[in-house]
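Colleague: A structural model of the following input is requested.
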Amino acid sequence: TVLFEQSLIQSQIPFDIIFERHLEDLGKYKVLVLADQDALSDVEVERIRNFVRDGGGLVATGTTSALTDWRIERRRPALADLFESGGTFGKGRVAYIPRVEPAVDPPPAQMSYNFSNQYWRPPKNARQLVEAVRKVAGGPLAASVKAPPSVAAEVTSRPADGLLLLHLINFDLGRTILGLESEVRIPAGYRLRSASLESPDEGDSRSLQVSINGGVAAFHVPRLKIYSIARLRLEKTGG
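Modeller: The predicted model follows:
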């Protein structure tokens with residue numbers, strides 16, 4: 001799971017951590033990633049099936065669904081028919097990848113397991129993992145940023161203020177990143193009123209020139225020293 005997360009972080013793909021309770025309503029998500037999530041209850045399996053059947057994307061790896069929530073081995077993984085579906089299930093899309101391939105051999109299994117940051121490197125097949133996420137999404141992700149691996153991106157919203165925020169953080173502190181091409185998906189039922197770029201590194205706020213195509217706002221961030229925020233102000237469409 002950590003290695004899949006690292007692949008998403010270094011590819012500037014925003015994501016949330018999903019816990020059991022979130023499976024009750026996955027409606028706001030385009031893709032669910034199950035990275036060797038071996039133990040799933042029958043109820044959780046059915047909720048995942050419904051999510052994909054209704055149009056969601058699923059990327060699963062390795063031993064996902066091989067065990068019950070009591071960690072009893074199933075005769076075959078509960079989601080095996082989705083993995084073998086040829087890429088579609090109901091209205092949704094599925095990608096199964098047999099293994100996340102570590103770039104650094106992980107420590108041996110033990111009761112008190114310590115997977116420290118020396119192992120947090122993108123796996124050998126990180127590109128395959130990321131491409132699978134993009135493929136099963138069936139459309140634009142919440143954000144897309146062309147940037148070096150040192151840049152992380154996150155999207156947050158402030159509905160009460162009508163704001164959609166793209167946070168950009170550069171962890172290569174000795175290097176200013178130039179020319180980031182960014183895209184943010186505008187939620188259905190909204191349109192863009194204005195956009196600005198703010199940064200404590202620059203000490204000012206400047207307008208962003210934005211082009212809209214297919215519900216996606218595209219804009220150019222001239223430079224990123226450490227931290228910048230693209231603020232997209234939205235308004236509801238219709239009456």
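Colleague: Strands of the protein, residue ranges please.
Modeller: Chain-ordered strands for the chain, with DSSP state E as the definition, fall at 31-35, 57-61, 88-89, 92-97, 143-146, 151-158, 163-170, 177-185, 190-199, 204-207, 210-213, 216-224, 227-236.
Colleague: List of residues touching the helix or strand of the chain with the lowest mean pLDDT?
Modeller: With mean pLDDT, DSSP states H and E as the measure, the helix or strand of the chain carrying the lowest mean pLDDT is strand 204-207 (a mean of 91). Contacts of strand 204-207 from elsewhere in the structure, counted by C-beta atoms under 8 Å, 6 or more residues apart in numbering, are 194, 195, 196, 197, 198. Glycine gets a C-beta too; all of them are placed from N, C-alpha and C.
Colleague: Note down every partner strand of that strand and its orientation.
Modeller: Taking DSSP bridges as the criterion, strand 204-207 sits next to strand 190-199 (antiparallel) in its sheet.
Colleague: Sort out which residues of the partner strand are buried, please.
Modeller: Neighbour-count burial for strand 190-199, with 16 or more other C-beta atoms under 10 Å as criterion, is recorded at 190, 192, 195, 197, 198, 199.
Colleague: and if you look at stretch 65-79?
Modeller: When neighbours are counted by 16+ other C-beta under 10 Å, the buried residues of stretch 65-79 are found to be 65, 66, 67, 68, 77, 78, 79.
Colleague: Need the max-distance pair from those.
Modeller: Pairwise distances across the buried residues of stretch 65-79 peak at 12.7 Å for 68 and 79 (criterion: C-beta to C-beta).
Colleague: For the closest residue in space to residue 175 that isn't next to it in sequence, which residues are in contact?
Modeller: Excluding its sequence neighbours, the residue lying closest to residue 175 (C-beta to C-beta, 6 or more residues apart in numbering) is residue 150, at 7.4 Å. If a contact means C-beta under 8 Å, 6+ apart, then residue 150 has 170, 171, 172, 175, 177 as its contacts.
Colleague: Can you tell me how far residue 150 is from residue 15?
Modeller: 18 Å (C-beta to C-beta, to the nearest Å).
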